[in-house]
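fold the stuff below for me.
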Amino acid sequence: MIVLVCVAEVRMPVESDKTILGLLKNLGKHVCRDLNEKMRDATIDELSAVSREAADDTIYSIDETAEKIIVDWISDKWKNGPSFVLIVEGGPPEGMVFSTSGRRSDCEYTVIMDPLDGTRGLMYGKRSAWLLSAAARGTVDNLSMRDLFLAVQTEIPPIKQNISDCMWAVKDYGAQGERFNLDSGKACPLALSPSRAADLHYGYATFNRFFTGAKREITAIEHELLLRMEAEGHLTFSFEDQHICNGGQLAALTTGQDRFVCDIRAKLSPILAAKGRPALLCAHPYDLCCELIAREAGAVVTGSDGKPLDCPLDTTTDVSWIGYANERIRSLIEPHLLDILSSLDRFIF
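The predicted model follows:
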């Protein structure tokens, strides 16, 4: 995974900002086409082979292929672009420097990027993954999620699909999207509009429990929330989608497919560890670097404390997050959910 970061005060994008945006969009399309072609010549066993175990996640063969495509393209196409620090999952903590001087201090931007969010679904041909990238101005060590001013996410579809969605946003200037054909290159506008529903009834609402370790606890928390809402007379017949891809879940919120997503693995993990249970595999900053797009489109994204989502721009911090399609759904759920999350010990079996 990769992190491109840029930080600054709110202002109209300058020319170099526009250049970064254009390059990240072009990079997404290139990776989409190139990786799609390479997947056609590979078996599931080849794509899903474990390449290495990094400190931040398991790196599969398909991840390494995507990372190589990205680094090669940047080295070739970004020669005259703005300088930046690229932080990559499994790479050096200080990141990779792309500048003429080779000095981190001379870089205009930091970029945080996940080359392939949703690896597990893509390598088995089940569903799309996403290339996630976001930028902040500057290269200081204390940059955080709140410093990101620009984000781009590009869909990497399985080989049976030749259509890809690309979404992007600049802070305070809204979100946009387009849908393009990998074969013809033709693109058309993609409407980004979160659901306007007032509740969860007959919609998708998901508590993330992708892996073993805390499924019983998360299910008990979900059950408690639904009981409280039903006691208030709210209909809660909803569906869930265990989509192992935070970027894909944010895209689903952005386009109106999902109404509510709750990922509290990072909040549960230290409690479980304190009781002698294994720590959980959690979301990291690069998985959520494109939450700006969802917010600029009108969705609501918070941390597990109800505050705006924030975390360091690194590859190892465990992050919990909650996404609501709109403020009405948030007002329906959040008071109960935050109260439940304030006393998690009683849900640990």
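
now whatever helix or strand Thr110 lives in - C-alpha only, CSV.
Per DSSP states H and E, Thr110 falls inside strand 109-117. Provided in CSV are the C-alpha atoms of strand 109-117 (Å, rounded to 0.1, in the frame of the first residue of the first chain):
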residue,chain,number,x,y,z
TYR,A,109,3.7,17.2,-0.9
THR,A,110,3.3,14.0,1.0
VAL,A,111,1.0,11.4,-0.7
ILE,A,112,-0.6,8.5,1.1
MET,A,113,-1.7,5.7,-1.1
ASP,A,114,-3.1,2.2,-1.0
PRO,A,115,-2.2,0.6,-4.4
LEU,A,116,-4.8,-2.2,-4.0
ASP,A,117,-7.5,-1.9,-1.3
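
what segments of the stretch 51-200 of the chain are strands?
Ranges of strands in the stretch 51-200 of the chain, per DSSP state E, counting those that start in this stretch, are 58-60, 84-88, 96-98, 109-117, 129-137, 150-156, 163-170, 175-181, 187-189.

so for Leu268, which of these sits nearest?
strand 58-60 (20.2 Å; CB to CB). In short, each C-beta sits where N, CA and C put it, glycine included.

quick one: list the elements packing against that closest one.
Packing partners of strand 58-60 (3 or more CB pairs under 8 Å, 6 or more residues apart in numbering; DSSP states H and E): strand 50-53.

returning to what we had before: helices or strands next to the strand holding Thr110 in the packing?
Here strand 109-117 touches strand 2-4, helix 15-40, helix 61-77, strand 84-88, strand 129-137, helix 246-254, going by 3+ CB pairs under 8 Å, 6+ apart.

re the thing from before, in CSV: the strands of the stretch 51-200 of the chain, plus mean pLDDT and mean neighbour count.
Listed next are those as CSV, based on pLDDT from 0 to 100; neighbours: other CB atoms under 10 Å:
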stretch, mean pLDDT, mean neighbour count
strand 58-60, 79, 18
strand 84-88, 87, 26
strand 96-98, 87, 19
strand 109-117, 94, 30
strand 129-137, 96, 30
strand 150-156, 98, 27
strand 163-170, 97, 22
strand 175-181, 96, 18
strand 187-189, 95, 10
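
format these as TSV; extra columns: distance to Asp34.
Shown next, in TSV, are those (distance: least, CB to CB, whole Å):
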stretch	distance to Asp34
strand 58-60	17
strand 84-88	18
strand 96-98	19
strand 109-117	12
strand 129-137	11
strand 150-156	10
strand 163-170	12
strand 175-181	14
strand 187-189	18
